[in-house]
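K.L.:
Structural data only, the sequence is not supplied:
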């Protein structure tokens, strides 16, 4: 069997993936989230890209658990960090791309014991913003949409993901692993407004799906801090893009 290239992002509350493809299943957006415009432009827009420097704030939403907590996503010099919730919330985790290494650390989650503390997971291999952006260039354009809320946002909807097994169509064994739906500004695909992640990276959630929605997103340098319990970054690999 030949396996499709694995896509790894940095937004999962449990393990790895911000973006990844799975089975076609009904997807439910937050109540004020998505309404399609019903029109497709004559030319496909540019795909999502993660900028080197940015600051964003929003909400992290797990509907089936009744969770809607503060969320921040910041980038500086190509490194980036997501933080959802905090000590006073029912969930609290951070995910980072830091010096060519991908980390995830869950401090709190419903029905997850706090003692002993969960370790910081350092994902094997080299991973950085350039690798993520290379993958995002292969995303499939779904169409233009409007995210309806306090302020309507005109976005382009993209899908990217992972399927295991053969790459050829037909009677070959394949299985869905995970997906990501990404909504970026129609005028600037490096400005992110919403992401749905669905699949095995969301194992702590009964429905395996989690959202984050942004209320602010600017291209100012943010703050990225590796937690003390996380192991040192992977040494540089000069064969991969830096």
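P.N.:
Everything's here; your move. Keep in mind that this is a model prediction, so the values were computed, not measured.

K.L.:
quick one: the strands in the protein?
P.N.:
Taking DSSP state E as the test, the strands found in the chain are 34-36, 54-62, 67-76, 79-85, 92-98, 101-108, 121-123, 140-147, 153-165, 174-185, 192-199, 209-218.

K.L.:
Pull out the buried residues from stretch 115-122.
P.N.:
Neighbour-count burial for stretch 115-122, counted by 16 or more other C-beta atoms under 10 Å, picks out 118, 120-122. Where C-beta positions appear, they are placed from N, C-alpha and C, glycine not excepted.

K.L.:
no no, stretch 137-153
P.N.:
Applying 16+ other C-beta under 10 Å to stretch 137-153 flags 139, 143-147, 153 as buried.

K.L.:
Pull the most distant pair out of the residues you listed.
P.N.:
Of all pairs drawn from those, the one with the largest separation by C-beta to C-beta is 139 and 146; the distance is 19.6 Å.

K.L.:
Any chance of CSV for the buried residues of stretch 137-153, columns pLDDT and distance to residue 85?
P.N.:
CSV is the format used below for those (pLDDT from 0 to 100; distance: C-beta to C-beta, whole Å):
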residue, pLDDT, distance to residue 85
139, 93, 28
143, 96, 32
144, 97, 32
145, 97, 27
146, 97, 28
147, 95, 22
153, 96, 24
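
K.L.:
now, among those, which is nearest to residue 168?
P.N.:
Using C-beta to C-beta, residue 139 is the member of those that lies nearest residue 168, at 21.0 Å.

K.L.:
Pull up the gap between the residue of the chain positioned farthest from its centre and residue 211, please.
P.N.:
Relative to the average C-alpha location in the chain, and by C-alpha atoms, centre = their mean, no residue lies farther out than residue 171, which sits at 31.2 Å. Using C-beta to C-beta, to the nearest Å, we find residue 171 at a distance of 35 Å from residue 211.

K.L.:
Ok, residue 99 next?
P.N.:
Here the criterion is C-beta to C-beta. By it, residue 99 lies 28 Å from residue 211.

K.L.:
mind showing which ranges of this protein have poor pLDDT?
P.N.:
Low-confidence segments of the chain, defined by pLDDT under 70: 1-42, 198-209, 236-242.

K.L.:
one step back: among the strands of the chain, which comes closest to residue 227?
P.N.:
strand 101-108 (5.6 Å).

K.L.:
still on that earlier bit, now for the strands of the chain, which one comes closest to residue 134?
P.N.:
With C-beta to C-beta as the criterion, residue 134 lies closest to strand 153-165 of the strands of the chain, at 11.3 Å.

K.L.:
Tell me the neighbouring strands of that closest one, and mark each as parallel or antiparallel.
P.N.:
In the sheet containing strand 153-165, its partner strands are strand 140-147 (antiparallel), strand 174-185 (antiparallel), by DSSP bridges.

K.L.:
Pipe those into CSV and attach distance to residue 67 per row.
P.N.:
Compiled in CSV, the strands paired with strand 153-165 are given as follows (distance: least, C-beta to C-beta, whole Å):
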stretch, distance to residue 67
strand 140-147, 20
strand 174-185, 19
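
K.L.:
Figure out which of those is closest to residue 92.
P.N.:
Using C-beta to C-beta and comparing the strands paired with strand 153-165, the one that lies nearest residue 92 is strand 174-185, at 22.1 Å.

K.L.:
now that closest one against strand 209-218, angle please.
P.N.:
An angle of 30 degrees separates the directions of strand 174-185 and strand 209-218 when computed by axes from the mean of the first three to the mean of the last three C-alpha atoms, to 10 degrees.
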